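>>> just a sequence and a predicted model for now, questions to come.
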Amino acid sequence: MDTSQSPPIEARALRKSFRGRVRVDDVSFTVGSGRITGLLGPNGAGKTTTIRMLLGLAAPASGDALVFGRPYRELETPGRTVGAVLDSGGLHPSRSGRTHLRIVAARSGIPAARVDEVLAEVGMTADADRRAGGYSLGMRQRIALASALLGQPRVLVLDEPANGLDPTGMHWLRQRLRAFADAGGTVLLSSHLLSDVQDIADDVVVIVDGAVAAASSLQDALAASNGDLEGFYLSVAGDRTGVR
């Protein structure tokens, strides 16, 4: 299969059910190189299930979840192709952030020297040798981001990466992701924080009740709502909670 012209991320008619309930129903969208796409929707809309299918953590009942034209599990070097943050809860409380990253690096065949580089990148050098059980939520999120960056991936898939970050951390995250995309990288970002998505995204996809309710450039979304992403979101998602 020639995947040279395939988009970095592509969902094709994805469908997934759990316990007889459809969670994702015919979801299709693409994310191009050099783009940041905000994946929006109420709690339970199907965003995380879609992300898990893209990362090979859940098998679609039908449809395709592709990274550069291939299912995640068929990538030759997945850890060097895709960096992911699904939650910040995967840290063992008795391990330090540095030890956690060394384990992740070893499993992916990444040189140990890269650990110190990503710790500096996310501002965690000073706290790297503390036990993770004493970390704040924001610190745990920074270590999760460091883990995603270890393999110097071409694609980042992030589920609520700003959760727990203070304003300084959120400013850093926006700058880091913008620089990553401007260098040709691809970012799929799920978030409840519409203001942050408006500040950074190039495109938005809104999922409601497991289906794509809207997919457009951010510029077009703002043009349709007098420059207000919240207004655009509410116009397509209806009166549902789960974003702010």
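Yes, it's here. Everything numeric here is computed off the predicted structure, so don't read it as measured data.
>>> and the strands in the protein?
Secondary structure of the chain by DSSP state E: the strands cover 9-18, 21-31, 36-40, 62-67, 82-85, 155-159, 186-190, 203-208, 211-217.
>>> and the shortest one, which strands flank it?
Looking at strand 82-85 with DSSP bridges, its partner strands are strand 155-159 (parallel).
>>> what sits up against the partner strand?
With C-beta atoms under 8 Å, 6 or more residues apart in numbering as the test, strand 155-159 has contacts from 8-9, 47-48, 51, 54-55, 67, 81-87, 145, 148-149, 177, 180, 185-190. Using the backbone N, CA and C atoms, a C-beta is placed for each residue, glycine as well.
>>> the same query, at a cut-off of 10 Å, please.
By C-beta atoms under 10 Å, 6 or more residues apart in numbering, the residues outside strand 155-159 that reach it are 8-9, 31, 33, 36, 39, 47-48, 50-52, 54-55, 67-68, 72, 75, 81-87, 144-145, 148-149, 173, 176-177, 180-181, 185-191.
>>> what is the burial count for D129?
By other C-beta atoms under 10 Å, 11 other residues sit near D129.
>>> quick one, phi psi at it?
phi -100, psi 10 (degrees, to the nearest 10).
>>> is the closest residue to it other than its chain neighbours in a bridge, and if so with what?
In space, D129 comes closest to S96 once its chain neighbours are excluded; the distance is 4.9 Å by C-beta to C-beta, 6 or more residues apart in numbering. Listed beta-bridge partners, S96: R131 (assigned using DSSP bridges).
>>> contact partners for S96?
102, 127-135, 143.
>>> for S225, grab the count of nearby residues.
S225 - counted by other C-beta under 10 Å - has 16 other residues nearby.
>>> ok, the most centrally placed residue in the chain to D64 distance?
Central residue of the chain (C-alpha atoms, centre = their mean): L158, 1.6 Å from the mean position. According to C-beta to C-beta, to the nearest Å, L158 and D64 sit 21 Å apart.
>>> my guess is P78 meets L54, correct?
No. Using C-beta atoms under 10 Å, P78 is not in contact with L54, being 11.5 Å away.
>>> common neighbours of these two, please.
67, 72, 84.
>>> tell me the domain boundaries of the protein?
Using automatic domain parsing, the domain ranges for the chain come out as 1-68+155-244, 91-153.
>>> endpoints of stretch 44-61, how far apart?
Using C-alpha to C-alpha, to the nearest Å, the end-to-end distance of stretch 44-61 comes to 18 Å.
>>> which positions in it come out as buried?
Under the neighbour-count criterion of 16 or more other C-beta atoms under 10 Å, stretch 44-61 has 45-56, 58, 60 buried.
>>> pull the most distant pair out of these.
Spatial extent of these (C-beta to C-beta) is set by the pair A45 and G56 at 21.0 Å.
>>> what ranges does this structure have for its helices?
Remark: helices assigned in the chain by DSSP state H are 47-54, 78-81, 97-108, 113-121, 137-149, 167-182, 194-200, 218-223, 229-237.
>>> CSV please, covering those helices and showing distance to V208 and mean pLDDT.
Converted to CSV, these look like this (distance: least, C-beta to C-beta, whole Å; pLDDT from 0 to 100):
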stretch, distance to V208, mean pLDDT
helix 47-54, 10, 95
helix 78-81, 30, 90
helix 97-108, 34, 94
helix 113-121, 35, 95
helix 137-149, 27, 91
helix 167-182, 25, 90
helix 194-200, 15, 90
helix 218-223, 15, 96
helix 229-237, 5, 92
